[in-house]
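1. sequence and predicted model, in that order:
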Amino acid sequence: IRDNEAEGDIGKTLMKAGMKMAALVPSTMGTLMSSGIMEGGKAIGKKGEMGPGELADFLAGFARGIAHRGKCQLGDRTILDAVDAGARKAQEACAEGADMGAMLRRASHDLKTPEPDAGDIQTLLDLIEGARKPLVLVGGGVIRSKGAVPQFRTFIERLNAPVASTIMGGGACPGNHRLFTGMIGMHGSHASNLASDQCDLLIAVGCRFSDRVATDPATFAPNAKIVHIDIDRAEINKNVQTDHHIIGDAKQVLKLLLERLPQYEHKEWKDFVLSFPRETEYGESESVLTPKQVLSAIARKCPQDSIVATDVGQHQMWAIQHLHFDYPGQLLTSGGFGTMGFGLGAAIGAKQGNPDKTVIHITGDGCFRMNGNELATVAYYGLPVITVIFNNRNLGMVRQWQSLIYDHRYSQTSLENRSPVFVKFADAFGLK
């Protein structure tokens, strides 16, 4: 819009965007959205400014475009309902003579945390009462919800059932907790994945069921009623179909549950699940170090409250599998962004903000080269960040998939004869 304001051709630009979207996103959602954009563009026509009046016209046209194609369910609300509400707000702002900036400021102030429904809370309590093999899955939403971790820990103690974690949920449940089964999914523990396969109730708090958690959504937790607690309505039924959901902030939902949740035992189920390994196991030899041996040595030498920052790949999974995280923010990792090079910058920030804590940067040879130049920052500010490089001369995660899924057909994953001598590289910055 900004690029074309001088030409006074906002509507035409939007129509082009709608047609491009229709071509790029050949899905129901894509068709609905592109139809709305094109119809909204027609409503605006050729105008040189985008104020509340033009926005009201655009949203009204957007709504007509979607209505023409049919409604698309998004959680419990339709896109059409949301757009109609937006159009009304824009029309109100236009009638009041507000400019676009004032309208956007008011819209941001109107954002409110959704209130959990009391009936939804009671439904979950009833499901818990009827369950014999419940499993709790904790995600990054519990970490991000301010003050939710104490509530979550009380909840799992009261429910007294196995607890699995996504990557981003690390630290919500202490890693050495008696109920903790470790990470779930593609890189998860035997205990966590067996529990998800055999549980009769799965309560997911603040997670999005990514493809690393539910590789095949259709067969994920096949014997369970799945309950999803999340603040974002758009996440509900997006990847995994649920039997029940509660929309709300994790802290608030857990608080309401705890007001009426009795103490449970589930002894037989717990004993069964926790009899299986909670960490990946390796065959060990005197000539080769395993990831667990390396990380166990790090854990023994460093304080338990050390902050760990990782990059992306095998080393990331190994760190989450074998190190125990006891509090929110102890694990810094990029999660679904998959950002190679993330770890060193995160470690620098963690050390700057927590000068009294040990900060460990765990990375691989491929990732370290993405951002290794930031050792200059480490040296300049004199930050004692510990970097551990798992140097296997490969892009290990991708190579692992090429081995397992593509019958050892390797492409662009070998770093043999391409790596610097990392110790000398650090020495060049005056670091050891």
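-> Here it is on my side, so go on.
2. can you map out the strands along the stretch 151-300 of the chain?
-> Counting by DSSP state E, counting those that start in this stretch, the stretch 151-300 of the chain has strands at residues 163-165, 180-183, 201-205, 225-230, 244-247.
3. save those as a markdown table, and put in mean pLDDT too.
-> A markdown table is the format used below for these (pLDDT from 0 to 100):
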| stretch | mean pLDDT |
| --- | --- |
| strand 163-165 | 98 |
| strand 180-183 | 97 |
| strand 201-205 | 98 |
| strand 225-230 | 98 |
| strand 244-247 | 96 |
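4. deepest-packed of those strands, please.
-> strand 163-165 (a mean of 30; mean count of other C-beta atoms under 10 Å). Placement of C-beta: from N, CA and C, glycine included.
5. that one pairs with which strands?
-> strand 134-138 (parallel), strand 180-183 (parallel) (DSSP bridges).
6. now those strands in a markdown table, with distance to H266?
-> Below are these laid out as a markdown table (distance: least, C-beta to C-beta, whole Å):
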| stretch | distance to H266 |
| --- | --- |
| strand 134-138 | 7 |
| strand 180-183 | 13 |
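7. and of the ones you listed, who's closest to E265?
-> Closest to E265 of the strands paired with strand 163-165 is strand 134-138 (C-beta to C-beta; 11.3 Å).
8. so which bits of the helix or strand following that closest one are buried?
-> Next helix or strand after strand 134-138 toward the C-terminus (DSSP states H and E): helix 140-144. Across helix 140-144, burial judged by 16 or more other C-beta atoms under 10 Å covers G140, G141, V142, I143.
9. tell me the contacts of the residue nearest to the second one when sequence neighbours are not counted?
-> Nearest residue to G141, sequence neighbours excluded (C-beta to C-beta, 6 or more residues apart in numbering): G206, at 1.9 Å. Neighbouring residues of G206 by C-beta atoms under 8 Å, 6 or more residues apart in numbering: 138-145, 148, 169, 229-231, 250.
10. return the helix or strand in the chain with minimum mean pLDDT.
-> Across the helices and strands of the chain, mean pLDDT, DSSP states H and E gives its lowest value to strand 73-74, namely a mean of 44.
11. state the distance from V385 to C367.
-> 15 Å (C-beta to C-beta, to the nearest Å).
12. quick check, pLDDT for the residue nearest to G141.
-> For G206, the pLDDT comes out at 97.
13. can you put the buried residues of helix 140-144 in a markdown table and add distance to K424 and pLDDT?
-> Below are these laid out as a markdown table (distance: C-beta to C-beta, whole Å; pLDDT from 0 to 100):
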| residue | distance to K424 | pLDDT |
| --- | --- | --- |
| G140 | 38 | 96 |
| G141 | 43 | 96 |
| V142 | 43 | 97 |
| I143 | 38 | 96 |
